[in-house]
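K.L.:
One predicted model, sequence on top.
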Amino acid sequence: MDSYTSFENGMQLNEYQRLRLDKVKKFRDLGIDPYPPRFLQRTHSVAEVLQNFEALQKDDHADPPVQGVLVGVSGRLMLKRDKKVVFGDLIEDGNRIQIYLKDAHLEAGEQSLLLFKDSVDLGDIIGVVGKPFITKTGDKTIEVHQWNILSKAINQPPDKHAGLQDTEQRYRQRYVDLISNPEVRDVFVKRSRIISAMRSYLDRQGFLEVETPTLQPLYGGASARPFVTHHNALDQNFYMRIADELYLKRLVSGGFGKVYEICKDFRNEGIDVRHNPEFTMMECYAAYWDYNDVMKLVEEMFAYIAQEVLGTLKVQTRGYEVDFTPPYRRLQLRQAIIDYTGLDYEQYPEQEDLYREVKKLGVDVAPDTVWPKLVDETLKTFVIPKLIQPTFLYDYPEKLSPLAKKKPGVAGTVERFQPFIAGLECGNAFTELNDPVDQRERFLDQKRNQDAGDDEAMQMDLDFINALMYGMPPTGGLGVGIDRLCMLLLDQASIRDVILFPQMRNL
């Protein structure tokens with residue numbers, strides 16, 4: 001059995017795929033490699049030809065001057081119109097240019113034209129050499145003198161008009177999604193620019209970008225279930241980080257004044273339109289700041305990113321027009337819950353009593369839900385969906401925030417805030433707890449919550465407490481979910497629409 005028959009049988013090809021595989025064989029029979037290692041005649045990208053089209057239409061260096069400079073470009077063939085001549089659309093890196101083939105212009109004449117008609121299909125990657133010109137209809141076009149097959153596509157692309165519509169397939173086969181739907185490519189180009197703009201803003205503010213461990217002997221910095229893996233050489237379990245907070249604060253204790261990290265975090269939790277097990281976070285910490293300073297940074301940074309990437313501070317997203325212009329609304333968490341539900345959680349310090357009250361409101365929680373989660377679920381159910389314009393909810397219950405500094409003069413409250421936009425949480429910030437004795441007590445509270453059934457409670461981290469014992473200055477800290485910020489700025493309904501390769505269940 002030859003390799004082509006083995007491939008056909010092993011991959012269970014359909015009729016269209018078999019026909020294309022036959023064309024691969026045809027090229028080889030003609031002595032043409034359908035997957036050559038390079039295209040030596042490439043002189044320009046499609047974008048460069050389009051940007052310099054007028055100058056490339058004539059060659060002023062020739063003596064005498066002649067019309068058209070020979071250019072070599074390459075790309076994927078996404079439209080092909082066969083008549084006596086052939087017109088097609090070549091796409092490279094999101095840029096489109098028309099190509100025109102006529103036997104009188106081709107170096108190999110009619111034979112070359114016939115081979116192109118018979119053996120080149122939509123989706124094939126080709127290289128062409130020719131002269132730029134503008135058609136009577138005003139289309140920028142390359143008059144092809146020579147063409148080369150660079151990668152013969154065995155799979156045919158989706159319909160050029162409908163694109164790829166199946167949502168499940170779009171996520172599983174993002175490469176097809178990107179080929180078929182130009183607007184998807186634009187989302188991910190802008191996502192990259194959002195991250196670049198965030199990095200640029202932080203760099204200008206004097207923050208130092210650092211790297212901290214992805215594999216950690218203890219997980220912490222957030223309330224979440226971790227992924228566990230085993231290190232064979234050390235013969236011990238490690239956890240994929242759920243946050244990089246505790247390592248960044250170790251660096252502040254070590255003398256770095258401003259640090260940040262843009263990294264992947266991993267949380268072993270459910271998947272929905274707002275959650276993916278692998279996601280991108282930015283965390284930053286600044287010595288001698290508090291949460292008021294961080295609020296100013298957030299509103300300035302969000303406005304800077306929106307202006308840099310979108311060119312406007314007024315963004316249409318999730319059915320609303322959101323204005324990112326600072327300053328943002330500030331609302332105490334306790335007062336917000338009172339305003340939207342009538343419930344004052346401070347009147348119910350015991351779990352059983354608060355559970356009874358939130359059930360009356362219609363919050364869907366189990367009887368053994370711990371007190372902090374009862375507050376959090378009430379917040380998620382009744383308050384967050386109403387926060388459309390950028391809003392900072394601040395001053396959270398201490399039990400809900402084990403890493404935040406107590407608010408002076410307000411018992412049971414810590415200096416924490418979260419930004420909410422268009423009903424979506426997109427960050428978390430504290431005046432950071434730097435008292436090692438207090439921190440140990442908070443970890444013990446987390447252990448009690450864990451014993452009470454909270455499988456997302458934090459672990460005791462003695463090394464982090466030891467770092468605080470060396471002294472950490474008053475510090476402001478921030479975490480921003482980059483995926484959610486992209487959802488907001490790019491008006492995408494699901495987190496999977498802003499992650500190139502989201503996690504999916506195996507078929």
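P.N.:
Perfect, I can see it now.

K.L.:
and stretch 249-258, how far apart are its ends?
P.N.:
Stretch 249-258 has an end-to-end distance of 10 Å (Cα to Cα, to the nearest Å).

K.L.:
How about stretch 28-43?
P.N.:
OK, stretch 28-43 end separation, Cα to Cα: 26 Å.

K.L.:
got it, and stretch 500-507?
P.N.:
End residues of stretch 500-507 are separated by 19 Å (Cα to Cα).

K.L.:
which parts of that stretch are buried?
P.N.:
Neighbour-count burial for stretch 500-507, counted by 16 or more other Cβ atoms under 10 Å, picks out residue 502. No exception for glycine: its C-beta is placed from N, CA and C like everyone else's.

K.L.:
same deal with stretch 202-209?
P.N.:
202, 207.

K.L.:
Now do the same for it: mean pLDDT, whole number.
P.N.:
Mean pLDDT, computed over stretch 202-209, is 98.

K.L.:
Contacts for it, please.
P.N.:
The contact list for stretch 202-209 (Cβ atoms under 8 Å, 6 or more residues apart in numbering) reads 199, 256-262, 282, 284, 286, 297, 301.

K.L.:
try it again with 6 Å
P.N.:
Here stretch 202-209 makes contact (Cβ atoms under 6 Å, 6 or more residues apart in numbering) with 258, 259, 260, 284.

K.L.:
For those, could you give me TSV that also reports pLDDT?
P.N.:
Shown next, in TSV, are those (pLDDT from 0 to 100):
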residue	pLDDT
258	98
259	98
260	98
284	98
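
K.L.:
Now intersect the residues you listed with the strands, please.
P.N.:
Assignment to strands by DSSP state E places the following of the contacts of stretch 202-209 there: 258, 259, 260, 284.

K.L.:
part of a helix, is residue 141?
P.N.:
No - counting by DSSP: H, G, I helix; E, B strand; the rest coil, residue 141 is not part of a helix but strand.

K.L.:
burial count for the nearest residue to it once chain neighbours are set aside?
P.N.:
Counting by Cβ to Cβ, 6 or more residues apart in numbering, residue 98 is the residue found nearest to residue 141 once chain neighbours are left out, at 4.3 Å. Residue 98 is flanked by 17 other residues according to other Cβ atoms under 10 Å.

K.L.:
so who does residue 98 touch?
P.N.:
By Cβ under 6 Å, 6+ apart, the residues touching residue 98 are 89, 139, 141.

K.L.:
Repeat that for residue 105.
P.N.:
By Cβ under 6 Å, 6+ apart, the contact list for residue 105 reads 143, 145.

K.L.:
Apply 8 Å and report the result again.
P.N.:
130, 143, 144, 145.

K.L.:
could those residues be laid out in TSV, adding distance to residue 305?
P.N.:
Formatted as TSV, the contacts of residue 105 follow (distance: Cβ to Cβ, whole Å):
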residue	distance to residue 305
130	41
143	43
144	43
145	46
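
K.L.:
Which one of these sits in the busiest neighbourhood?
P.N.:
residue 144 (25 neighbours).

K.L.:
what about that residue, distance to residue 482?
P.N.:
43 Å (Cβ to Cβ, to the nearest Å).

K.L.:
How about residue 260?
P.N.:
12 Å.

K.L.:
For the two, list the residues in contact with both.
P.N.:
Looking at what touches both residue 260 and residue 482 (by Cβ under 8 Å, 6+ apart), the common residues are residue 282.

K.L.:
what about these two, which has more around it?
P.N.:
residue 260 (23 against 20).

K.L.:
excluding its backbone neighbours, what's nearest the more buried one?
P.N.:
In space, residue 260 is closest to residue 284, 3.6 Å off (Cβ to Cβ, 6+ apart).
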